[in-house]
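Student: what follows is a predicted protein model with its sequence.
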Amino acid sequence: MKHRDAADFDVASVRQDFPALHQRIHGKPLVYLDSAASAQRPVAVLDAMDTYYRHDHANVHRGVHTLSQRATQAYEGAREKIRRYINARTTAEIIFTRGTTEAINLVAQSYARPRLQPGDEVLISLMEHHSNIVPWQMACEQTGATLRVAPIDQHGQLRMDAFKQLISDHTRLIAIGHISNALGTINPVAEIVAFAHEREIPVLIDGAQAMPHTRVDVSALGCDFYAFSGHKMFGPTGIGVLYGREALLDAMPPWQGGGEMILEVSFEKTTYAALPNKFEAGTPAIAEAVGLGATIDYLEKLGIEAIAGHEHDLLAYATQALSQIDGLEIVGQAESKASVVSFTLANAHPHDIGTIVDHEGVAIRTGHHCAMPVMNFFGVPATARASMALYNTRDDIDALVAALMKVRQVLS
Amino acid sequence: MELADLYRDVILDHNRSPRNFRRLQSPTNTAQGFNPLCGDKLTVYLVMDGDRVDDIAFEGSGCAISVASSSLMTEAVRGKTEAEARTLFERMHALLAGETGEAEALGKLAALGGVRQFPSRVKCASLAWHALIAALDGAQQPAKTE
């Protein structure tokens, strides 16, 4: 049965842009519902990287020859695209990293660690991804500071009253996910930033899940740091971005030393390069940055608002369809939610679900989603998770539902 | 690669009604198994009578493969000597690694052989066995499949 998808978004044409979607898995057409783990790439991104390698590659910021200049222009051009897309004031505020994880570690080690003292506190929430927990645990261990964790409610929403109560004179930094990867919850980050800034507490936002789904305007948000990854937003792996307010980045020491990040080196003294190079030691992931730039172009062409509308429709459809399955429980039912549906199915462990639906061509994530505290909170060892992106359709959801019926049949 | 090779009848049966699925009150040896990939945790309890496994049970949560493997293990190991239990572990290991010739000596346990076609699930089947060895060794740390 064919369904009509949101009218103002031509999903059939979008799907043509993603070659990986057009294959068969165990003889069935691939239904890719694991974009929250890693999304697929459009041809535009593959072509941009291929063209770069075929024609323009050399090292950046190092040579006077033509290829080095082209590579530098491509690399810095990508940085400018990102600056414009997230509305940062200057490219000095756009640091390329390997991904969200490295971006958060950079802030933990270069911003937090030198400032934290015993008695100081870093505040996160219970629904964070491990990458927004462990770097802070490490910085706290190194400094004697304390990690505080704001609770969530049974719907998977941040308990804002408790969150605000946990903020005190000791709070030195707040680190919070924009959208929860395990639950889909969209956190009220603007409200959090405003509340924190009244108390002069800086805020880092983990935006890994937000970038493919929603408009991110760091100037409007007013956040101090914003971290995201290329591969979750249809770009390459191995590239991500740390946005940081220039005044904060300026005051931070370099995190890694090497080439690219220096102005002058002698054995007596090294002076560091200006932003953003100060935080980009070594030859960077140039082709990946170029690919990320192409991703931004692609998202701008489609329009993130149109994408969000399409996904909202899919989320409503999926929530409705899955709720009708006997014994299926959706984990995370926040009022404000991105297109992620985590669920459990009575008498079927998520790993068995994952294997059986894979044999129907359906790719979902099963496990703890790098969010073990969330699993503990809901009292489950793991969940199955269907995450939808701009190329998914209502037919994909129907295929998931049919595959879950197969799970019932196999395990009964 | 067929699903039916993984979810054989004996595995489905042991998943639906796991044998020896309980906590033993006074175990002489006990160990936890933890699979960090999926978060599965189980505990294996042993009552050793000298060199012999007088009683064995397990509890915890896991997928069908992990529960069935644990359940089948408790049936196979009860009454065996420690040396025999360790030999069974080696045979299971060989079976899951895809070595042929072990199936006959394993009896019912051979049903787990289908798992080797599903590399991402091999650890589900081996978790309980790692915990068994840890319990026999008197290990203080949970056994891991990683």
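Tutor: Now that the structure is in, tell me what you want to look at. Since this is a predicted model, take the numbers as computed values, not measurements.
Student: can you pull out the strands in chain B?
Tutor: For chain B, the strands defined by DSSP state E occupy B:29-35, B:40-49, B:52-61, B:143-144.
Student: and of those, who's closest to A:Leu126?
Tutor: Closest approach to A:Leu126 among those (C-beta to C-beta): strand B:40-49, 19.8 Å. All C-beta spots, glycine's among them, are computed from the backbone N, C-alpha and C.
Student: report the beta-bridge partners for the nearest residue to A:Pro276 once chain neighbours are set aside.
Tutor: Nearest non-adjacent residue to A:Pro276, counting by C-beta to C-beta, 6 or more residues apart in numbering or on different chains: A:Ile95, 4.9 Å away. Following DSSP bridges, A:Ile95 is listed with bridge partners A:Leu242.
Student: any idea how far A:Ile95 lies from A:Asn132?
Tutor: According to C-beta to C-beta, to the nearest Å, A:Ile95 and A:Asn132 sit 17 Å apart.
Student: what do you get for A:Ile330?
Tutor: 23 Å.
Student: from A:Glu200, how far out is the nearest residue to B:Met48 once chain neighbours are set aside?
Tutor: Of all residues not flanking B:Met48 in the chain, B:Thr28 sits nearest, at 4.6 Å (C-beta to C-beta, 6+ apart). As defined by C-beta to C-beta, B:Thr28 lies at a distance of 59 Å from A:Glu200.
Student: which one's more surrounded, these two?
Tutor: Counted by other C-beta atoms under 10 Å in any protein chain shown, B:Thr28 and A:Glu200 do not tie: B:Thr28 has more neighbours, with 15 against 7.
Student: for that one, phi and psi?
Tutor: phi -90, psi -30 (degrees, to the nearest 10).
Student: go on, A:Glu264?
Tutor: When read as degrees, to the nearest 10, the backbone of A:Glu264 gives phi -150, psi 140.
Student: and what of A:His129?
Tutor: Main-chain torsions, A:His129, degrees, to the nearest 10: phi -70, psi 150.
Student: residues contacting A:Ile133?
Tutor: A:Ile133 makes contact with A:124, A:147, A:373, according to C-beta atoms under 8 Å, 6 or more residues apart in numbering or on different chains.
Student: tell me which of the residues you listed is nearest to A:Tyr391?
Tutor: Among the contacts of A:Ile133, A:Pro373 lies closest to A:Tyr391 (C-beta to C-beta), at 31.1 Å.
Student: quick one, what contacts the closest one?
Tutor: By C-beta under 8 Å, 6+ apart, A:Pro373 lies in contact with A:126-128, A:133, A:149.
Student: okay, these in CSV with pLDDT and secondary structure next?
Tutor: Converted to CSV, those look like this (pLDDT from 0 to 100; DSSP: H, G, I helix; E, B strand; the rest coil):
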residue, pLDDT, secondary structure
A:Leu126, 97, coil
A:Met127, 97, coil
A:Glu128, 97, coil
A:Ile133, 98, coil
A:Val149, 98, strand
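Student: is it true that B:His130 touches B:Ala143?
Tutor: Yes. Assessed by C-beta atoms under 8 Å, B:His130 is found in contact with B:Ala143 at 4.0 Å.
Student: now the common contact residues for the two.
Tutor: With C-beta under 8 Å, 6+ apart, B:His130 and B:Ala143 have common neighbours B:Gly33.
Student: quick one: which of the contacts of A:Ile133 is nearest chain B?
Tutor: Distance to chain B, by C-beta to the nearest C-beta, is smallest for A:Pro373 among these, at 11.3 Å.
Student: just say helix, strand or coil for the closest one.
Tutor: helix (DSSP: H, G, I helix; E, B strand; the rest coil).
Student: and the pLDDT for it?
Tutor: A:Pro373 is assigned 93 on the pLDDT scale.
Student: any idea how far it is from A:Gly379?
Tutor: Distance, A:Pro373 to A:Gly379, by C-beta to C-beta: 12 Å.
Student: repeat for B:Gly107
Tutor: 37 Å.
Student: and these two? Which one has more around it.
Tutor: B:Gly107 (11 against 7).
Student: residues touching the closest residue to that one other than its chain neighbours, list them.
Tutor: Distance criterion C-beta to C-beta, 6+ apart; nearest residue to B:Gly107, sequence neighbours excluded, is B:Ala76 at 7.4 Å. Contact analysis of B:Ala76 by C-beta under 8 Å, 6+ apart lists B:88, B:107-109.
Student: ignoring the adjacent residues along the chain, who's closest to the spatially most central residue of chain A?
Tutor: With distances taken as C-alpha atoms, centre = their mean, the residue of chain A nearest its centroid is A:Ala208 (1.1 Å). With sequence-adjacent residues excluded and distances taken as C-beta to C-beta, 6+ apart, A:Ala208 is closest to A:Thr100, at 4.2 Å.
Student: hmm, that neighbour is touching A:Gly207, no?
Tutor: Yes. A:Thr100 lies in contact with A:Gly207 (C-beta under 8 Å); the separation is 7.5 Å.
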